[in-house]
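1. fold the stuff below for me.
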Amino acid sequence: MEAVYLGIVLSPLLAALIVGLGGRLISRPTAHWVTIIGVLASFLLSLLVLKDLIVDGAQVYNGTVYHWATIGNLSMEIGFLVDHLTALMVSVVTLISLAVHIYTIGYMKEDPGYQRFFSYISLFTFAMLMLVMSNNFLQLFFGWEAVGVVSYLLIGFWYKRQAAIFASLKAFLVNRVGDFGFLLGIAALLWATGSLDYKQVFDDAERLSGVSITVFSGVDWSILSLACICLFVGAMAKSAQMPLHIWLPDSMEGPTPISALIHAATMVTAGIFMVARMSPLFEFSETALSLILVIGATTAFFAGLLGIVQDDIKRVVAYSTVSQLGYMTVALGVSAYSAGIFHLATHAFFKALLFLAAGSVIMAMHHEQNIKKMGGLRRYMPITYWSALIGTLALIGFPGFSGFFSKDALIEAVHVSTAVSARYAYWCLLGGVFITALYSFRMFFLVFHGEARTELSGKKTPKESPIVMTVPLIILAVFSVVIGWPTIGPLLFGDFFADSLRVLDHHDVLGMVGTEFHGPTIFIAHSMMSSPVVYLAGAGSLTAWFFYLKRPDLRDLIKQRIRLLHHVLVNKYYFDYLNEVFLLPRVRQAANFLWHFGDENIIDGRLVNGSARTIASVSSVIRNMQSGYLYHYAFSMIIGLAVLVGWMVLRT
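-> Numbering: from 1, shown residues only. The predicted model follows:
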């Protein structure tokens, strides 16, 4: 199977290299067929791995592909860890990537950077697969940084737009903050264990929980808690948790297909996956779990509020992603890692569906993205309409849809948790259910229902997207409906992740929830009778219907009544203002100081230019000794011989 594992990661890489290096020498059809075949091969091989583990009962693979370097006793290797968690993740990543690749044929058909875009998204897939399949922290860090670099290229793909340049830099810089913490966490584990291998570090986790380190004078920290918190700082940036979420909405400046890929299957899911993979470490740190729980709950609720006031169709979906990532993070914080991964998987399908449906609308509206300038598109775009409706119902957790199974089980797990901040998290998630339904159906009603709010004649008349774009919508819509039914049992309440995730007995909240699970149908019936989730989602949907279809005249009145809150939400809690007014000027001052003092005076002035001046001075002296006369050289040889003989005589 080693060849299969290599094929999964190398197929997208090979396709990206062929198309990227070929440039415009490769035709457009060749560019998309090469990359689609590469990702399709990776997806089919992923299904083979999934079958090998589930049906054939194969053992977990943990092996080295090649040895890279050795420093003392430290071995640096590239290797794969293939277990049920890996198999699920690579299947989801490659399937979503395949759908995005096919959709891109229609969406980017007129873009001059067609070949370059296909090369980038194929390379993006490779980077995520390397991250997911890693069996050591070195390879994890490579994949972690690779998805960051490629996301920078894709967010700023339209590099002639100032907004795209700013958004890509913002994403890159915010993630550097998280990556600094991530690297410190890896360094702490390396210092404590002397290894970068997952298995060796995980086996040492319980011992590390009792080892302390002095961070500040008189303050001792558990080395394991310190490492886990640093690792989570990296996850906060990658998975857009407050306050490091600010880059993700701005990433909408990139083309819509990459928005779908980033939000559904690659960049932002990396942080959630990483924490779940590190469950053998986080389980022994109550401090880290408490921090994760609070951050996730805060993000789930407050990011959702921001979605209510957004008018850009892609930004509404983007804030939805931030909020749903908060739900996943909360699951990790109560040790319900399976619930977090399950919601990640279902979310991948309906969030990709919503983004691609939004892209279909944007194309039909001739790249208009303001939902207040849309309306009445239902009769023009039936496939996009029904796809968007299915994605919206899955997002709000409508009974029977995939989002219902994953979200309801997640909230129930938080409800039974005895963690310190579990009550706070539970109420945040319940509030988030209402808010999610409100902003989701607000967008849906403004786009597809009501009267048209723009000119719909002649050139402006919208029409359904081509089949190459609607087929991925239909496939994702089917998965968004059905995927929860066969998977909730084994993924949440079975032993599917027994070889991947570790949960201590006193943290096993899913075990408590699972005592009342008797199949998906009974789960739905039980939830509708005992859980407030369905009713809150219904209340949010009805609120959106009332204010945006039934009585839209009341919206301005409500806005006036909550003018202060509305102003705070429109300004996104002033995070950008604080960064641009207080943080960035000081960062620039520090950078200018380091530039003038460090770079110009020391590095350039003394080290680089100074060494050059020294060499030039010495060379000018030595140059004078080269006269070109033979007798000068003969005289020098005689003097040198005399000195050598004299030295030998003195020694004897």
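
2. centre-most residue in the chain?
-> The residue lying closest to the centre of the chain (Cα atoms, centre = their mean) is residue 268, at 1.6 Å.

3. and that residue, how close does it get to residue 248?
-> In this view, residue 268 and residue 248 are 7 Å apart by Cβ to Cβ, to the nearest Å. All C-beta spots, glycine's among them, are computed from the backbone N, C-alpha and C.

4. common neighbours of the two, please.
-> Contact criterion Cβ atoms under 8 Å, 6 or more residues apart in numbering; residues shared by residue 268 and residue 248: 240, 321.

5. sorry, back to before: show me the contacts for the residue nearest to the centre of the chain.
-> 238, 239, 240, 248, 262, 321, 325 are the contacts of residue 268 under Cβ under 8 Å, 6+ apart.

6. again, only using 10 Å
-> Taking Cβ atoms under 10 Å, 6 or more residues apart in numbering, we find residue 268 in contact with 147, 151, 235, 238-241, 245, 248, 251, 262, 318, 321-322, 324-325, 328, 344, 347, 351.

7. same check on residue 525?
-> Residue 525 makes contacts with 399, 518, 519, as judged by Cβ under 10 Å, 6+ apart.

8. can you give me the helices for the stretch 201-350 of the chain?
-> Assigned by DSSP state H, counting those that start in this stretch, the helices in the stretch 201-350 of the chain fall at 205-208, 223-238, 247-250, 256-264, 269-277, 279-282, 286-308, 313-333, 337-364.

9. tell me if I'm right that residue 259 and residue 154 touch.
-> Yes - applying Cβ atoms under 10 Å as the test, residue 259 and residue 154 come out as touching, 9.1 Å apart.

10. out of the contacts of residue 525, who's the most crowded?
-> Most neighbours among the contacts of residue 525, by other Cβ atoms under 10 Å: residue 399, with 16 neighbours.

11. so how many other residues sit close to the residue nearest to that residue when sequence neighbours are not counted?
-> Nearest residue to residue 399 in three dimensions, chain neighbours excluded: residue 524, at 5.0 Å (Cβ to Cβ, 6 or more residues apart in numbering). Neighbour count of residue 524, defined by other Cβ under 10 Å: 18.

12. please name the residues that touch residue 524.
-> 399, 400, 404, 405, 408, 484, 485, 534.

13. in terms of helix, strand or coil, where does the second one fall?
-> On the three-state scheme (DSSP: H, G, I helix; E, B strand; the rest coil), residue 400 is labelled coil.

14. what's it in contact with, if anything?
-> Residues in contact with residue 400 (Cβ under 10 Å, 6+ apart) are 393, 394, 481, 482, 484, 485, 520, 521, 524.

15. and the residues you listed, which are buried?
-> Among the contacts of residue 400, those scoring as buried are 393, 394, 481, 484, 485, 520, 524 (criterion: 16 or more other Cβ atoms under 10 Å).

16. just flag the most distant two among these.
-> The most widely separated members of the buried ones among the contacts of residue 400, counting by Cβ to Cβ, are 393 and 520 (16.3 Å).

17. picking that back up, quick check, nearest of the contacts of residue 400 to residue 54?
-> For the contacts of residue 400, the nearest to residue 54 is residue 485 (16.5 Å; Cβ to Cβ).

18. host element of that closest one?
-> Assigned by DSSP states H and E, residue 485 belongs to helix 484-488.

19. list the buried residues of the helix or strand just after that helix.
-> Next in sequence after helix 484-488, counting helices and strands by DSSP H and E, comes helix 509-514. Buried residues in helix 509-514, counted by 16+ other Cβ under 10 Å: 509, 510, 513, 514.

20. how far out from the middle of the chain is the next helix or strand after helix 509-514?
-> Sequence-wise, the next helix or strand downstream of helix 509-514 (DSSP H and E) is helix 520-530. Remark: helix 520-530 is offset 32 Å from the chain centroid, using Cα atoms, centre = their mean, to the nearest Å.

21. per-residue confidence averaged over helix 520-530?
-> For helix 520-530, mean pLDDT rounds to 87.

22. just the CA coordinates of that helix, formatted as CSV?
-> Output in CSV follows, covering the C-alpha atoms of helix 520-530 (Å, rounded to 0.1, in the frame of the first residue of the first chain):
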residue,chain,number,x,y,z
PRO,A,520,-30.5,8.0,13.0
THR,A,521,-34.3,7.9,12.8
ILE,A,522,-34.7,7.6,16.6
PHE,A,523,-32.0,10.2,17.0
ILE,A,524,-34.1,12.7,15.0
ALA,A,525,-37.2,11.9,16.9
HIS,A,526,-35.4,12.2,20.2
SER,A,527,-33.9,15.5,19.3
MET,A,528,-37.2,17.0,18.2
MET,A,529,-38.8,16.1,21.5
SER,A,530,-36.0,17.0,23.9
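
23. pLDDT (mean, whole number) over the helix or strand just after that helix?
-> Next along the chain after helix 520-530, taking DSSP H and E as the criterion, comes helix 533-545. Taken as a whole, helix 533-545 carries a mean pLDDT of 92.

24. which other helices and strands does the helix or strand just after helix 533-545 contact?
-> Next in sequence after helix 533-545, counting helices and strands by DSSP H and E, comes helix 554-561. Using 3 or more Cβ pairs under 10 Å, 6 or more residues apart in numbering; DSSP states H and E as the contact test, the elements touching helix 554-561 are helix 563-570.

25. isn't residue 537 up against residue 396?
-> Yes - counting by Cβ under 10 Å, residue 396 is a contact partner of residue 537 at 4.6 Å.

26. in contact with residue 8, which residues?
-> Counting by Cβ under 10 Å, 6+ apart, residue 8 touches 41-46, 48-49, 80, 82, 86, 90-91, 93-94, 126, 129-130, 132-133.

27. list the buried residues for the helix or strand harbouring it?
-> Secondary structure from DSSP H and E places residue 8 in helix 2-22. Residues of helix 2-22 classed as buried: 5, 7-20 (neighbour count, 16+ other Cβ under 10 Å).

28. tell me the mean pLDDT for it?
-> Taken as a whole, helix 2-22 carries a mean pLDDT of 93.

29. kindly report the same for stretch 50-58.
-> Stretch 50-58 comes out with an average pLDDT of 88.

30. how about residues contacting it?
-> Taking Cβ under 10 Å, 6+ apart as the rule, stretch 50-58 contacts 1, 4, 49, 59-61, 82-84, 86-88, 90-91, 490, 496, 499.

31. low pLDDT regions in this structure?
-> Along the chain, segments meeting pLDDT under 70 span 217, 453-460, 584, 598-601, 603-609, 621-628, 630-632, 652.
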